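A.B. asks: quick one: sequence and predicted model below, then my questions.
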Amino acid sequence: MKRVVKSLLLLGLVLSLVGFFSAPRAKALTDKTTKANVTEIHVGDAGAFTGAAASPCMEIFNSSQIAVDEWNGRGGIQGVKIKHIMGDDAMDPAQAVNVAHKFVADKLMYGVIGPPMSHIAQATLKIYGSGNLACITTAASKPSLTEQGYKHFFRVNARNDAHGWNCALFIKKYLKAKRVAVLNEKVAYCENMAKETIKGLKKLGITDILQETIVGGSKDFSPELTKVKAFHPDVLFFIATAAPDQAIGVRQMKELGINATFFGTEGARDKKDFIEASQGAAEGAYVYHFAPDIYAIPEASGYIKKFEKKYGTISGFGPPAYEAMNILLTAINNAAKDGKISRKEVIQGLHKIKNYRGILGFPITFNEKGDLKGGATYFFRVEGKDFKQVAIMGGGQ
C-alpha cells in the first residue's frame, strides 16, 4: 500500500512539473523609465460619467471596455493583464484636472481614451503632455487642440473646421436655408463650432444670420428663442454640448410656434436624452455627428452584438471609442514587444498608425499633429425612435 501511495505522489509531482514547464507564462515586462516590473497595464478613460453628458460618455466607456475584454481574452499585452480605469470629470474642468493628475501619477498607466469634450481636453492638455501620456479623443473637435505643438494628443474624429464647413454646406444644399439662426453655448467647442459654421455660411453667400448665446444646463431657452421667432429663420442651428439641452431647445421651439428646421449638434445624437426626452418634438429634426451609422458597416457586427447584449442600445458615441481603444492597445502592445515599455514609445507608436481598419468603415491614419486624415461629417434625421443617416460630407485635414 505504501508503495502505491508513494508511486501516486511521484506521478503527481512529475505531472505538476510537466505542467509548470509546458504552460505558457507571461513574459517579463519592464518599464524603461521606472525600471520596475510591469505587473498590470493600465489604460484610462476620461469623461463625464455623471451629469448631463453621462449617457454618451458611459457608451464610450462601455465600448472601450469591450475592446479591453477582447484583448485580455487573447492574453493581454505580452501576457500582462489590462485594467481599464474610469476618470469622471462630470464635464467640469477642475475635476478634469484632478483626473489628469491622477492618471499621470499612475506609473502603470500607458494611455487614455478621451477627454471627449473640447473644453475639458483644453484644460488638461498640458498635464497629459507633461506626463508623456497618450490621449485619443473620440469627439473633442476644437482645431487648436492639435495646433499647440503637443505630440501626445490624437483624435479619431474630424475637427470643427471640417465639421463647420460641412454643416454650412448641409444647411445650404440639403436644408435649402437662406436665413439661419445660431444659438450656441459659451464653451470652447460650441463657440468654435458656431464660428466655423458661420464662416462657412458667409462663404456660401448666406448672410442673414442671427447669433445668440445660451447657458448650458438652463431649463428655459425661451428668451433666446423669442428672438429667434422674431427673426423668422429657415433653420435653427442649436449648438449645445449635451442632449438634454437640445431636447429642451427643440421642445420649446415647437411650443413657441417657431416654423424652422431644428438642426442639432453631435451631442443630440442620443436616443434617450434627445429623442425620448423631447416628447415627440424632435421628429424631423436633424443632427450632425462625427461617427457613421454603425449598423450599415459589416465589420461592426461583432461589436454591435457584444454591446447590445451587455449594455443595450447604441446611439453612436461608442463605436469610435471601441476603435480608439483598439488602436491604443495596438500601440502599447507594439511598444512592449521587446520586453520593455515606456509612455514615449506608445506615443511614437501612435504616430506610426497607418490605414488602421476596424469597425468605422474607413482607414485611420494620424497626421503629424495627431489629427485624423480624411475625417467626415455624418448627418442624421430623427424618424420615430431612431436616427436615419441622410448624408455624408467629406472633410479631414
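C.D. replies: It's in.

A.B. asks: strand partners (parallel or antiparallel) of the helix or strand encompassing D45?
C.D. replies: For D45, the host element (DSSP states H and E) is strand 41-47. Here strand 41-47 has these sheet partners by DSSP bridges: strand 82-88 (parallel), strand 109-113 (parallel).

A.B. asks: what's the most buried one of those?
C.D. replies: For these, average neighbour numbers computed from mean count of other CB atoms under 10 Å are highest in strand 109-113, which has a mean of 28. In this view, the C-beta of every residue, glycine as well, is placed from N, C-alpha and C.

A.B. asks: which element follows that strand toward the C-terminus?
C.D. replies: Criterion used, DSSP H and E; the element after strand 109-113 is helix 118-130.

A.B. asks: any idea of the angle that following helix forms with strand 109-113?
C.D. replies: If you take axes from the mean of the first three to the mean of the last three CA atoms, to 10 degrees, helix 118-130 sits at 160 degrees to strand 109-113.

A.B. asks: so T330 versus E196, what's the distance?
C.D. replies: In this view, T330 and E196 are 32 Å apart by CB to CB, to the nearest Å.

A.B. asks: more crowded one of these two?
C.D. replies: Higher neighbour count among T330 and E196: E196, with 23 against 17, using other CB atoms under 10 Å.

A.B. asks: did I read that right, that one in a helix?
C.D. replies: Yes - assessed by DSSP: H, G, I helix; E, B strand; the rest coil, E196 belongs to a helix.

A.B. asks: how many neighbouring residues does T34 have?
C.D. replies: Residues near T34, counting by other CB under 10 Å, number 11.

A.B. asks: thought it was touching L108?
C.D. replies: No - taking contacts as CB atoms under 8 Å, T34 lies outside contact range of L108: 9.4 Å.

A.B. asks: separation between the most centrally placed residue in the chain and C167?
C.D. replies: Of all residues in the chain, the one closest to the mean position by CA atoms, centre = their mean is T138, 2.5 Å from it. Computed as CB to CB, the T138 to C167 distance reads 19 Å.

A.B. asks: G44 now?
C.D. replies: Remark: distance between G44 and C167 (CB to CB) = 31 Å.

A.B. asks: what does G280 give?
C.D. replies: The gap separating G280 from C167 is 25 Å, by CB to CB.

A.B. asks: now swap in P223 and tell me
C.D. replies: Using CB to CB, we find P223 at a distance of 25 Å from C167.

A.B. asks: how many neighbours does D371 have?
C.D. replies: Applying other CB under 10 Å, we find 23 other residues in the vicinity of D371.

A.B. asks: ditto for R343
C.D. replies: Using other CB under 10 Å, R343 has 22 neighbouring residues.

A.B. asks: go on, A46?
C.D. replies: Neighbour count of A46, defined by other CB under 10 Å: 30.

A.B. asks: okay if I get the strands paired with strand 41-47 as JSON lines plus distance to G73 and mean pLDDT?
C.D. replies: Output for these, formatted as JSON lines (distance: least, CB to CB, whole Å; pLDDT from 0 to 100):
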{"stretch": "strand 82-88", "distance to G73": "10", "mean pLDDT": "98"}
{"stretch": "strand 109-113", "distance to G73": "19", "mean pLDDT": "98"}
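
A.B. asks: which stretch among these comes nearest G249?
C.D. replies: Closest approach to G249 among those (CB to CB): strand 82-88, 25.9 Å.

A.B. asks: give me the residues contacting the closest one.
C.D. replies: 40-50, 61, 64-65, 68, 71-72, 76, 95, 99-100, 102-103, 106, 108-109, 112, 114, 329 (CB atoms under 8 Å, 6 or more residues apart in numbering).

A.B. asks: list the buried residues for stretch 277-294?
C.D. replies: By 16 or more other CB atoms under 10 Å, the buried positions in stretch 277-294 come out as 277-278, 281-282, 285-294.

A.B. asks: whoops, stretch 240-260 was the one
C.D. replies: Buried residues in stretch 240-260, counted by 16+ other CB under 10 Å: 240-254, 258, 260.

A.B. asks: at which residues are the strands of the stretch 151-300 of the chain located?
C.D. replies: Listed in chain order, the strands of the stretch 151-300 of the chain (DSSP state E, counting those that start in this stretch) span 153-155, 179-185, 208-214, 235-239, 261-264, 286-289.

A.B. asks: a markdown table for those strands, including mean pLDDT and distance to E308?
C.D. replies: A markdown table is the format used below for these (pLDDT from 0 to 100; distance: least, CB to CB, whole Å):
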| stretch | mean pLDDT | distance to E308 |
| --- | --- | --- |
| strand 153-155 | 98 | 26 |
| strand 179-185 | 97 | 32 |
| strand 208-214 | 97 | 34 |
| strand 235-239 | 98 | 29 |
| strand 261-264 | 98 | 24 |
| strand 286-289 | 97 | 19 |
